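**Student:** sequence first, then the predicted structure:
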Amino acid sequence: MTDLAQPLPAAGFQIRPRRLSPEASRARTRSRYAAEQRFKLVGLLAVLTSLGLLALLLSTVVLQGYSAFVQTQIRLPVALNAAELDPDGRRDPAALAKADYAAVLNDALYRLFPEVTERRAKRALRGLLSTGAAIQLRQAVLAEPGLIGTTAELWLLASDDIDQLFKGFVDRSSAQADRRVTDAELGWVATLEQTGRIETTFNKWLFTNGDSREPELAGVWGAIVGSFYMMLVTLCLAVPLGVGAALYLEEFAPKNNRWVDLIEVNINNLAAVPSIVFGLLGLAIYLQLFGLPRSAPLVGGLTLALMTLPIIVVATRAALRAVPPSIRQAALGIGASKIQMVTDHVLPLAMPGILTGTIIGMAHALGETAPLLMIGMVAFIMNVPAGPLDPATVLPVQIYLWADSPERAFTERTAAAIMILLGFLLLMNLFAVILRQRLQTKW
Amino acid sequence: MKGPIIAVAGVAAALVCAGTAQARDQIRIVGSSTVFPFSTAAAEQFAQKSGMAAPVVESTGTGGGIKLFCAGVGEQHPDIANASRAIKDSEKAACAANGVTEVTEVKIGFDGIVLANSKQAEPFKLTIKQVWLALAKEVPVDGALQANPYQNWNEIDPALPDDKIEVLGPPPTSGTRDAFVELVMDKACEEFPEIEALADDAKKAACQTIREDGGYVEAGENDNLIVQKLEANPAALGIFGFSFLDQNIDKLQGSVMDGVEPSFENIAAGDYEISRSLYFYVKNAHVGVIPGIKEYVEEFTSEAAFGEDGYLADKGLIPLPEAERAAVRKNATSFTPLS
């Protein structure tokens, strides 16, 4: 520090050093160090704030949603009367599928609680079980026709109100009018609890079912399959087009050409267009002009490909630009043609960057709902799609639909679906990081 | 690297070609977000009972739904439109212009619009007139229209609490907002001679314009969000559909309106004033062409569905009186078109 205060020996130029007293010099140093400390502190604070907000967000979602991964079930002794279920005794699956399983379940409930006789009370008693319980029973009988004629002990889905009660989300001490379950229902659940006939199990239905209006039957599988088909279409379209466009612009296009500049500006602008605009474009072109079906993942994929394209082009160009010119010159120097230089040398070296950009673009598309609103993918669809032309919905749309449902049990399921979506996004990003690490070349 | 991409593209192309050949085998329903929860519940029951493909139900809003519905006859157009109001003459004309001439109207029940607040606070006892005074942009003061001067409820009526007026409600794009304006704002207006005296356009504007100075907060289309905000802010009132009050009865209480409580029974009996009829419309030309439409309508209009103890009542639909239900069922299942 002190040499700065010395006059410089060089004579070619004149600098008149300001002489500072040692105290002033130290004070200056201190203030510069203090500024550095302050800057570091502010930076740290910014990092901590964002981490804190993220932790708050995640913990809210997890706290609200963890309970959706278990589901309340009730064990019932179900008398499977042969005369009732299979009157002609042939065990014909078509006839068995048509039998009235709801009635069988109602009888089982009435037998378990014989003191319930009044019509409205019986109706409330039937409400202990989900409407899906009859489907469960049908599946059980079809899978094992030998059950007919016996009294089987079966675990069946409880309705959403009972599920919420058993999970402890209903204040039992409040007045009857202030809660969704009556005193009678509380009594029945207490009896079931004492006899070990009610418990929670892992909620596999959340992962295997399509959408439903009954929270206990609603699952994300339909949305996951829909998302898969949509992403497949987006990937097949956006990657070849995006990488091809970037390669041409970066390696082959004439430099300083007005048209090329115009295209570049347009691509950069396209990346900033609000996503709903792509939805309108999809509606106008794919649905109205080409007559493709509404709500199909194919159309969703085509629309999102438009949105992902600029992201991939920009990322690919950056990756290509990061390949040192010496590689290109060396390839050309030993007699490779331009296309050989690109496919054999530049592209492999740029691949980690291209893949990272692609995966980030795809993750972006996976979380999108706004453009899908216009092309009819924000819809209630129970059936799991069998192909990219079947009506389907996607994960973020499923979250949106559940968040809008009045039933209380959908609150936890919304949070659970958010966790599942976050899980997929995390996996994709992890994949991007691993690919980059493994494929990266150092020079 | 190129190999797999070409293979995947090939598979996708093959899937696409295989798919285009098949015709539509599921019903397509569009329309009101208010009818959406009922329509989807009926669709689910229909699919489970009949074993046919489940209908696809889109929540597009009444106006948007009818527009899609009226776009034409054919597989690419929806079969059924849900509506939280009756179809307008202009919409019927648009339908007819596109070849959709025979449409069956099915009235399915009522929906109440409630003003509710958190159970932590006292329940409100309001009149429609007081609500208008609290929410209108301009109110008559000493015979002339002026910017709404009321900041606290007790300035409107000393019997009301000494709390700031803060009402969370739906944005103008919502059907609930349209119904609220029609059933509350327009109706309350009739009680003010100063406004009745205005010319039609000015009267409409004076009646329907909601204040923008913070007394009314547009809380988005999501009614669950309004419920959560009310819980956090006991001094605020919220406007939403009855089914959300029904589901959150442990947290919220409905405000008494002109002496009538917003209960299931009162709305069904027609005593609670802020209620509207819900409908769906069926395109007759599609009946028998798209499989399942008849069965879906039968399911929706069965006693097990829209009856007094039906599963739609459990979802918050207020059923029609018994005689009307029978008439609706007869009319609907025979697909008698609107005149």
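**Tutor:** Perfect, thanks for sending it. Residues are numbered from 1 along each chain as shown, chains lettered A, B, ... in the order given.
**Student:** from now on I want contacts and neighbour counts done on CA atoms only, so please keep to that.
**Tutor:** OK.
**Student:** okay, and B:Ala81 sits in which element?
**Tutor:** Taking DSSP states H and E as the criterion, B:Ala81 maps to strand B:80-83.
**Student:** does the longest strand seen in chain B reach chain A?
**Tutor:** The longest strand of chain B (DSSP state E) is strand B:103-118. No: contact of strand B:103-118 with chain A is not found when judged by C-alpha under 8 Å from any C-alpha of the partner chain; the minimum separation is 11.9 Å.
**Student:** so which elements touch that strand?
**Tutor:** helix B:223-232, strand B:237-241, helix B:242-247, strand B:252-254, helix B:264-268, strand B:275-283, helix B:322-333 (3 or more C-alpha pairs under 8 Å, 6 or more residues apart in numbering or on different chains; DSSP states H and E).
**Student:** could you check the angle that strand makes with strand B:237-241?
**Tutor:** If you take axes from the mean of the first three to the mean of the last three C-alpha atoms, to 10 degrees, strand B:103-118 sits at 160 degrees to strand B:237-241.
**Student:** so which residues make contact with the lowest-mean-pLDDT helix or strand in chain A?
**Tutor:** Using mean pLDDT, DSSP states H and E, helix A:93-98 stands out as the lowest-scoring helix or strand of chain A, at a mean of 78. Residues outside helix A:93-98 that contact it (C-alpha atoms under 8 Å, 6 or more residues apart in numbering or on different chains): A:Leu85, A:Asp86, A:Arg138, A:Val141, A:Leu142.
**Student:** check the gap between the last one and B:Phe244 for me.
**Tutor:** From A:Leu142 over to B:Phe244 the distance is 39 Å, taken as C-alpha to C-alpha, to the nearest Å.
**Student:** cool, and the first one?
**Tutor:** A:Leu85 sits at a distance of 39 Å from B:Phe244 (criterion: C-alpha to C-alpha).
**Student:** also the third one?
**Tutor:** Plainly put, A:Arg138 is 33 Å away from B:Phe244 if you go by C-alpha to C-alpha.
**Student:** the fourth one too?
**Tutor:** Noted for A:Val141: a distance of 38 Å to B:Phe244, by C-alpha to C-alpha.
**Student:** the more surrounded of these two?
**Tutor:** More crowded of A:Val141 and B:Phe244, by other C-alpha atoms under 10 Å in any protein chain shown: B:Phe244, with 22 against 19.
**Student:** got the residues of chain A near chain B?
**Tutor:** Counting by C-alpha under 8 Å from any C-alpha, the positions of chain A adjacent to chain B are A:177-180, A:212-213, A:232-233, A:236, A:291, A:293-294, A:376-383, A:387-389, A:391, A:403-408.
**Student:** helices and strands around the helix or strand where A:Leu58 lies, which ones?
**Tutor:** Using DSSP H and E, A:Leu58 sits within helix A:22-65. Contacts defined by 3+ C-alpha pairs under 8 Å, 6+ apart place helix A:22-65 against helix A:409-439.
**Student:** picking that back up, out of the contacts of helix A:93-98, the closest to B:Gly99 would be?
**Tutor:** Closest approach to B:Gly99 among the contacts of helix A:93-98 (C-alpha to C-alpha): A:Arg138, at 44.3 Å.
**Student:** so that closest one sits in a helix?
**Tutor:** Yes: assigned with DSSP: H, G, I helix; E, B strand; the rest coil, A:Arg138 falls within a helix.
**Student:** what's around it, how many residues?
**Tutor:** Neighbour tally, A:Arg138, other C-alpha under 10 Å: 20.
**Student:** what do you get for the one 10 residues further on?
**Tutor:** Taking other C-alpha under 10 Å as the criterion, the count of residues near A:Ile148 is 20.
**Student:** returning to that earlier point: for the longest strand of chain B, which residues meet the burial criterion?
**Tutor:** Neighbour-count burial for strand B:103-118 flags B:103-118 (criterion: 16 or more other C-alpha atoms under 10 Å in any protein chain shown).
**Student:** residues of the stretch 201-339 of chain B that sit close to chain A?
**Tutor:** B:Asn222, B:Asp223, B:Asn224, B:Ser243, B:Phe244, B:Gln247, B:Asn248, B:Ile249, B:Asp250, B:Lys251.
**Student:** what subset of those residues is buried?
**Tutor:** In those, burial by neighbour count holds for B:Asn222, B:Asp223, B:Asn224, B:Ser243, B:Phe244, B:Gln247, B:Asn248, B:Ile249, B:Asp250, B:Lys251, counting by 16+ other C-alpha under 10 Å.
**Student:** farthest-apart pair in the residues you listed, please.
**Tutor:** Pairwise distances across those (C-alpha to C-alpha) peak at 19.4 Å, for the pair B:Asn222 and B:Asp250.
**Student:** which one of the helices and strands packed on strand B:103-118 lies closest to B:Glu166?
**Tutor:** Using C-alpha to C-alpha, the helices and strands packed on strand B:103-118 put strand B:237-241 closest to B:Glu166, at 6.3 Å.
**Student:** angle of the closest one against helix B:223-232?
**Tutor:** Between the axes of strand B:237-241 and helix B:223-232, defined by the same axes, to 10 degrees, the angle is 150 degrees.
**Student:** what residues does strand B:237-241 touch?
**Tutor:** Contact partners of strand B:237-241, identified using C-alpha under 8 Å, 6+ apart, comprise B:34, B:111-118, B:166-170, B:176, B:223, B:226-227, B:230.
**Student:** can you give the strand pairings for that strand, parallel or anti for each?
**Tutor:** Sheet pairing for strand B:237-241, assigned by DSSP bridges, gives strand B:103-118 (antiparallel), strand B:167-169 (parallel).
**Student:** is chain A within reach of stretch B:77-85?
**Tutor:** No: judged by C-alpha under 8 Å from any C-alpha, stretch B:77-85 makes no contact with chain A; its nearest approach is 9.1 Å.
**Student:** centre of the chain to that stretch, how far?
**Tutor:** Averaging C-alpha positions (C-alpha atoms, centre = their mean, to the nearest Å) puts stretch B:77-85 12 Å from its chain's average.
**Student:** quick one, domains of chain B?
**Tutor:** Per automatic domain parsing, the domain ranges recorded for chain B read B:26-110+B:278-333, B:112-275.
**Student:** out of the ones you listed, deepest packed?
**Tutor:** Mean neighbour count (mean count of other C-alpha atoms under 10 Å in any protein chain shown) peaks for domain B:26-110+B:278-333 among these, with a mean of 20.
**Student:** contacts for the helix or strand encompassing B:Ala179, please.
**Tutor:** Using DSSP H and E, B:Ala179 sits within helix B:175-180. Helix B:175-180 is contacted from outside by B:32-34, B:61-62, B:84, B:113, B:169-172, B:240-241, B:274, B:276, using C-alpha under 8 Å, 6+ apart.
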